[in-house]
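K.L.:
Model the following, please.
(2 chains)
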Amino acid sequence: MYAQLVETGVKRLKTEDEMSAQERDFQQRIDAEIKIEAKNWMPDAYRQTLIRQISQHAHSEIVGMLPEGNWVTRAPTLKRKLQLMAKIQDEAGHGLYLYSAMETLGADRDSEIAKLHSGKAKYSSIFNYPTLTWADVGAVGWLVDGAAIVNQVVLQRTSYGPYSRAMIRICKEESFHQRQGYEMLLTMMRHGTQVQKDMVQDAINRLWWPSLMMFGPSDEHSPNSAQSMAWKIKRQSNDELRQRFIDQTIPQLQVLGCSVPDPALQWNAERGHYDFGEIQWEEFYQVLKGNGPCNQERVATRRQAIEDGAWVRAAAVAHARKKHLKNVA
Amino acid sequence: MHQPLIPFLLRLGDSAMVQGQRLCEWCGHAPALEEELALMNVGLDLVGQARNWLEYAAELADDGRDADHLVFRRDQRDYRNLLLVEQPNGDFAVTMLKQFLYDAWHFQVLEHLSQSLDPRIQGIAAKALKEVTYHLRRSSEWIERLGDGTEESHQRMLAAIPQVWRFTVELLDSDALEQGLFEAGIIGDPQAIAAAWQQQVAATFASATLPLPPAASPFYLDSRRGVHSEHLGLLLAEMQFLPRAYPDATW
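P.N.:
Residues are numbered from 1 along each chain as shown, chains lettered A, B, ... in the order given. Here you go, the predicted structure:
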């Protein structure tokens, strides 16, 4: 999930009696699965929650380019290099659609990005982990994009029209990335040397738990979920999505011939799901607070890029103005 | 005809590859999100073109090496890319100036190659020409924006020109190998390409309000003989790290 712990600003759900006529109409529309569009009336808290969620999602796409960018100059074959470049390009594109969807809500891209750089806005915790070997690039494609898809497939039905449509487009590309990531790992496991196989297992060992944390805190510690669910911004709970991800990923893991670092992982025939061990939530909250292994570097890199590029953007604006004046004259 | 063709294909392929690698270095550092997309997109085109040229070179050489081997296992003395493209990215002014000077040359080269008597070259060039037409449009627009933008951007362009201009000498001269390929109808007339390049650069510099330096003169370095600047070795050390560190691996 690329958006975690999105604040709704709402402490408890309003009852129907407490709602204004406008709010009641709005909720009925949502209950009837009619999409909310940019020009429709919406409660301010709905609008602000969406801005936070979509911007967080967009920031994640952009920050998410950095751990991959760490390897794009070192991809080992032409095919892998082209795949990774195309993937990074898609992610920049996803960032663009998402910022555009966010702007339909009246938010401004530059000021939301400024919040990212000041540490006020969040992005997915997963991108604060380093990519240490080439196998991490495959594992990120498989696990991180895989987890993102589980969330985003559901978000295709989210109540806000522009966000839902962005998700439909993004999901198609993400599934492609996930298959590519998996295929990279499979190639290393089936045709690679022992050193490469160890590299794959090591990548999974390091990225497994952080991937599960992508779905956010467990439902009992997810204070904003009830309102987001009532508004159908969110459609399924964090724990349901996490379980689905685990259930679909473990068979793929078995095909790879790898394991996950969780001794409690076991198929539970009665539940029809995998049981799994306790997530280290302290680590998750530390990473969210900015104390993950790469938080400082990720934000600093983004801030630096925008600061270094200020003169370029200023030149583009100045040139466009000159050209406009020339055309008018 | 194969023997002279192989080094020529290496020149084309290596230049596209090294320029693509330099663009990869921009990932996450571009001045705007739209530019992240554009820089990676141009890089993707160039690495794709490099693969096409080098696959053809590898087939002609038929010595057991494939395109990947040529990219990831050759050392710098065997690389044949233009000196211009191996220069460090510098700021966005240096990057766009290198890109533009290369694109203006690349466009002319491909336009001629898309009429080549060698059908394989003709096909690769025709496809690449479509991509490079866009690259040139984009980079020449940036030269105009930066040259005729703000005082700062103008100053940065003025500072960028002397850093890269001397490497343009290779875009204007040619050697016996190229003359021979031209006479055989495989590649375009090097003199015509040089003249068209000079015309395009002069026109873009004029609309960018940038002074056009006098033509660069040849000096010690010569990529056609694999005598590169020191920068290429480091670029290759990074790009070739995995295949060299794990020679038996399958990726």
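K.L.:
Now for residue A:59: which residues touch it?
P.N.:
A:95, A:112-113, A:116, A:121-123 (Cβ atoms under 8 Å, 6 or more residues apart in numbering or on different chains). All C-beta spots, glycine's among them, are computed from the backbone N, C-alpha and C.
K.L.:
one more time with 7 Å
P.N.:
A:116, A:121, A:123 (Cβ atoms under 7 Å, 6 or more residues apart in numbering or on different chains).
K.L.:
Show me the residues you listed that map onto helices.
P.N.:
Applying DSSP state H to the contacts of residue A:59, the entries found in helices are residue A:116.
K.L.:
and residue A:169, how many residues sit next to it?
P.N.:
A count of nearby residues for residue A:169, using other Cβ atoms under 10 Å in any protein chain shown, gives 13.
K.L.:
for it, what are its contacts?
P.N.:
Here residue A:169 is in contact with residue A:97 (Cβ under 7 Å, 6+ apart).
K.L.:
Which pLDDT value belongs to it?
P.N.:
If you check residue A:169, the pLDDT there is 92.
K.L.:
from chain B, which residue is nearest to chain A?
P.N.:
residue B:31 (2.3 Å; Cβ to the nearest Cβ).
K.L.:
So that residue versus residue A:102, what's the distance?
P.N.:
21 Å (Cβ to Cβ, to the nearest Å).
K.L.:
and what of residue A:196?
P.N.:
41 Å.
K.L.:
So for those two, which residue has more residues nearby?
P.N.:
residue A:102 (25 against 22).
K.L.:
Count the neighbours of the closest residue to that one other than its chain neighbours for me.
P.N.:
Nearest residue to residue A:102 in three dimensions, chain neighbours excluded: residue A:54, at 4.2 Å (Cβ to Cβ, 6 or more residues apart in numbering or on different chains). Residues lying near residue A:54 (other Cβ under 10 Å) number 30.
K.L.:
tell me which element residue A:54 falls in.
P.N.:
Using DSSP states H and E, residue A:54 maps to helix A:44-63.
K.L.:
again with residue A:97
P.N.:
Per DSSP H and E: helix A:78-103 holds residue A:97.
K.L.:
Okay, buried residues for that helix please.
P.N.:
Neighbour counts over helix A:78-103 (16 or more other Cβ atoms under 10 Å in any protein chain shown) mark A:78, A:80-99, A:101-103 as buried.
K.L.:
residues in contact with residue B:50?
P.N.:
B:13, B:16-17, B:20.
K.L.:
Please dump those residues into JSON lines; it should also carry pLDDT and neighbour count for every row.
P.N.:
Output for the contacts of residue B:50, formatted as JSON lines (pLDDT from 0 to 100; neighbours: other Cβ atoms under 10 Å in any protein chain shown):
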{"residue": "B:13", "pLDDT": "98", "neighbour count": "28"}
{"residue": "B:16", "pLDDT": "98", "neighbour count": "27"}
{"residue": "B:17", "pLDDT": "98", "neighbour count": "28"}
{"residue": "B:20", "pLDDT": "98", "neighbour count": "26"}
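K.L.:
gap between the helix or strand containing residue A:317 and the chain center?
P.N.:
In this assignment (DSSP H and E), residue A:317 forms part of helix A:310-328. Offset of helix A:310-328 from its chain centre (Cα atoms, centre = their mean, to the nearest Å): 35 Å.
K.L.:
near chain B at all, that helix?
P.N.:
Yes: counting by Cβ under 7 Å from any Cβ of the partner chain, chain B is contacted by helix A:310-328 at A:311-316, A:318-319, A:322.
K.L.:
Output the contacting helices and strands for that helix.
P.N.:
helix B:119-147, helix B:151-164 (3 or more Cβ pairs under 7 Å, 6 or more residues apart in numbering or on different chains; DSSP states H and E).
K.L.:
Of these, flag the one that's most buried.
P.N.:
Stretch with highest mean neighbour count among these: helix B:119-147 (a mean of 20; mean count of other Cβ atoms under 10 Å in any protein chain shown).
K.L.:
circling back: tell me the contacts of the residue lying closest to the residue of chain B closest to chain A once chain neighbours are set aside?
P.N.:
Distances taken as Cβ to Cβ, 6+ apart put residue A:309 closest to residue B:31, at 2.3 Å, once the chain neighbours are dropped. Listed by Cβ under 7 Å, 6+ apart, the contact partners of residue A:309 are B:30-32, B:92.
K.L.:
What pLDDT does the model give residue A:57?
P.N.:
So residue A:57 comes in at 96 (pLDDT).
K.L.:
In space, what's closest to it - neighbours in sequence excluded?
P.N.:
That would be residue A:2: by Cβ to Cβ, 6+ apart, it lies 4.6 Å from residue A:57.
K.L.:
any idea how far chain B is from that neighbour?
P.N.:
The spacing between residue A:2 and chain B, counted by Cβ to the nearest Cβ, to the nearest Å, is 16 Å.
K.L.:
ok, that residue touching residue A:124?
P.N.:
Yes: using Cβ atoms under 7 Å, residue A:2 is in contact with residue A:124, at 4.7 Å.
K.L.:
Name the residues contacting each of those two.
P.N.:
Joint contacts of residue A:2 and residue A:124 (Cβ under 7 Å, 6+ apart) are residue A:60.
K.L.:
which ones are touching the nearest residue to residue A:171 once chain neighbours are set aside?
P.N.:
Counting by Cβ to Cβ, 6+ apart, residue A:171 lies nearest to residue A:152, which is 5.2 Å off, once chain neighbours are set aside. By Cβ under 7 Å, 6+ apart, the residues touching residue A:152 are A:167, A:170-171, A:174.
K.L.:
quick one: pLDDT of residue A:152?
P.N.:
The model's pLDDT for residue A:152 equals 92.
K.L.:
ditto for residue A:6
P.N.:
Confidence score, pLDDT, at residue A:6: 80.
K.L.:
residues near residue 206, how many?
P.N.:
Since no chain was named, I'll use chain A. Residue A:206: 19 neighbours (other Cβ under 10 Å).
K.L.:
Correction: the question concerned chain B.
P.N.:
13.
K.L.:
Which helix or which strand is home to it?
P.N.:
Short version, using DSSP H and E: residue B:206 is in helix B:190-207.
K.L.:
Show residues contacting that helix.
P.N.:
B:100-101, B:104-105, B:108-109, B:112, B:140, B:143-144, B:171-172, B:174, B:178, B:182, B:212.
K.L.:
So what angle separates the directions of it and helix B:119-147?
P.N.:
20 degrees (axes from the mean of the first three to the mean of the last three Cα atoms, to 10 degrees).
K.L.:
Which pLDDT value belongs to the residue of chain A found nearest chain B?
P.N.:
In chain A, the residue that lies nearest chain B is residue A:309 (2.3 Å; Cβ to the nearest Cβ). Per-residue confidence (pLDDT) for residue A:309: 98.
K.L.:
now do residue B:245
P.N.:
Reported pLDDT for residue B:245: 98.
K.L.:
just checking, the residue of chain B closest to chain A touches residue A:312?
P.N.:
Yes: Residue B:31 lies in contact with residue A:312 (Cβ under 7 Å); the separation is 3.9 Å.
K.L.:
which residues are common contacts for those two?
P.N.:
residue B:92.
K.L.:
My reading is that residue A:274 lies in a helix. Confirm?
P.N.:
No: per DSSP: H, G, I helix; E, B strand; the rest coil, residue A:274 lies outside any helix segment and is strand.
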